[in-house]
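Novice: Sequence first, then the predicted structure, then my questions.
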Amino acid sequence: MSFVQIESLTKKFGDLTAVNDVSFEIEKGETVGLLGPNGAGKSTTIDIIVGLRKPTSGRVLVDGFEPSKNGLEVRRAIGYVPQRAAIFEDLSVRENLSLAAEMYGIPRFKHRVAEIIKEFELEEKADKLAGTLSGGQKSRLNFALGCIIADSQLIILDEPTVGLDHRRRMEAWGFVRRLHGSGKAVLLTTHYMEEADALCSRILLMDRGKIVAQGSPQQLKSTLSDELVVEYTFAEMPSEELVQKLTALPDVVGVNRDDLSLKVTLKSGALPQVRQLVHESKLLIRSSSEKRVTLDDVFRHYTGSELREKGE
Ligand SMILES: Nc1ncnc2c1ncn2[C@@H]1O[C@H](COP(=O)(O)OP(=O)(O)OP(=O)(O)O)[C@@H](O)[C@H]1O
Ligand SMILES: [Mg+2]
C-alpha cells in the first residue's frame, strides 16, 4: 500500500470547486511535485492531507490513517512546511522550535531542537528573536519547524522557495535533496517548472482543481518530444499572409506573431516546409532559434494557458 493514498478528492468553497476529483499516491521515499499556477488548488489539497481542512468528498489516507479522524497519527507521520511561515516573531529561534517540539510531544526535545538548529544552520541566530531574522533565515526556520519530528516519513513543503533570491532558492533545493537523501518522501508545491524539473521524480500538473497530467519530468516532456519551437526575429513585421500560410501547414501546431518576431510550434517533420515559407517571404532574418520542449510547453499543451504569470 502506498504511504499516501488520495482518491477522488474534491473540495468546494461555496460555488467554487478548488479541488476537483483528484486522485494520486505517494510512495515512501519519492519526491513528488504538485506543479500549477496560482489558484490551481495546490495548497487546498495539502491542507486536506495534513488535516487542516476537511474534504467535501473523496478520501485521503496517510500511512493508513484518515487525517480528519486520526489527526494525531497523521501529524506525527508528516512534517509540514506551510506556504506562509507560522513563526512567533517575539520568541527566539530556539523557543519557536521548542514550542513545536513540545506540541508534538517529542521526547528529549531539547536535544532534538539543538540537532535541528545545527541541521538548518541556525546556530548563530538560535537565541535571537525570530522577528529579527532575514527573509532567508526565516525560510530556514520555517523548514526547521516542518522537520522537527525526526522520524516523520513524509515532508510536505508548500511553495518552499517563493520570494527567495537565487542563492536562498539553491539553499532550499539543497535542503529538499537532503531530505530525500535521508529516505523521506517529499511532496512539494511550486509554480516554478524548473524547480519541479530539478527536484522531483514525479510531477503532477495541476490546473483549476484538476490533475491534468502526471509522470516523470522526462516522460512529460517526451509526450511532446516531437514538437519544436522555432523563433524568428525579422527586420520588419511579418505579413498576415505568412502567418496564415504557416498556420495552414498540417504539422504546425501554433503560430504567434509579436511585432517583429514570429514563434512557430511545429512537429519536427514540418521544419523544412516552415523554413521554405519563411525563405519565400523574403523577409530579412535578424535571428532565429530552435527550442527544446520545456515543462512550460507541456503545461501549455495540457491546459492552453501559461504556467507562470507574465512578469513573474
Ligand atoms: N478559504 C477559502 N475560501 C474560499 N475560497 C478559497 C479558500 N481557500 C482557497 N480558495 C480558493 O480555492 C482556489 C484554490 O486555492 P489554493 O490556495 O489551493 O491554490 P494554490 O494552487 O495553492 O495557489 P497559489 O499558487 O497561489 O498558492 C482559489 O481559487 C482560491 O481562491
Ligand atoms: Mg498555495
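Specialist: Good, I have the coordinates. Numbering: from 1, shown residues only. Ligands and ions are numbered 1, 2, ... in the order given.
Novice: Please make it C-alpha for all contacts and neighbour counts, starting now.
Specialist: Fine.
Novice: which phi and psi does the residue of the stretch 101-250 of the chain found nearest ligand 1 have?
Specialist: At 6.4 Å from ligand 1, residue 191 is the closest residue in the stretch 101-250 of the chain, using C-alpha to the nearest ligand atom. Residue 191 adopts backbone torsions of phi -110, psi 20, taken as degrees, to the nearest 10.
Novice: ditto for the one 4 residues further on
Specialist: Dihedral angles of residue 195 (phi, psi; degrees, to the nearest 10) stand at phi -70, psi -50.
Novice: residues near it, how many?
Specialist: By the measure other C-alpha atoms under 10 Å, the count of residues near residue 195 is 18.
Novice: go on, residue 165?
Specialist: Neighbours of residue 165 (other C-alpha under 10 Å): 12.
Novice: next one: residue 227
Specialist: With other C-alpha under 10 Å as criterion, residue 227 counts 22.
Novice: contacting residues for it?
Specialist: Applying C-alpha atoms under 8 Å, 6 or more residues apart in numbering to residue 227 gives the contacts 265, 266, 267, 268, 292, 293.
Novice: Surely the fifth one touches residue 228?
Specialist: Yes: contact criterion C-alpha atoms under 8 Å: residue 292 and residue 228 qualify, at 6.0 Å.
Novice: ok, those two, which is more surrounded?
Specialist: residue 228 (23 against 13).
Novice: mind checking pLDDT for that one?
Specialist: Listed pLDDT for residue 228 reads 83.
Novice: now do residue 259
Specialist: 92.
Novice: which non-adjacent residue is nearest it?
Specialist: residue 237 (5.9 Å; C-alpha to C-alpha, 6 or more residues apart in numbering).
Novice: that's a helix at residue 5, yeah?
Specialist: No: if the criterion is DSSP: H, G, I helix; E, B strand; the rest coil, then residue 5 is strand and not within a helix.
Novice: For the stretch 51-200 of the chain, just list every one of the strands.
Specialist: 57-62, 78-81, 154-158, 185-190 (DSSP state E, counting those that start in this stretch).
Novice: Give the other helices and strands that the second one contacts.
Specialist: When you say that, I think you mean strand 78-81. Contact partners of strand 78-81 among helices and strands, from 3 or more C-alpha pairs under 8 Å, 6 or more residues apart in numbering; DSSP states H and E: helix 135-146, strand 154-158.
Novice: show me the contacts for residue 261.
Specialist: Contacts of residue 261 (C-alpha under 8 Å, 6+ apart): 231, 232, 233, 234, 237, 238.
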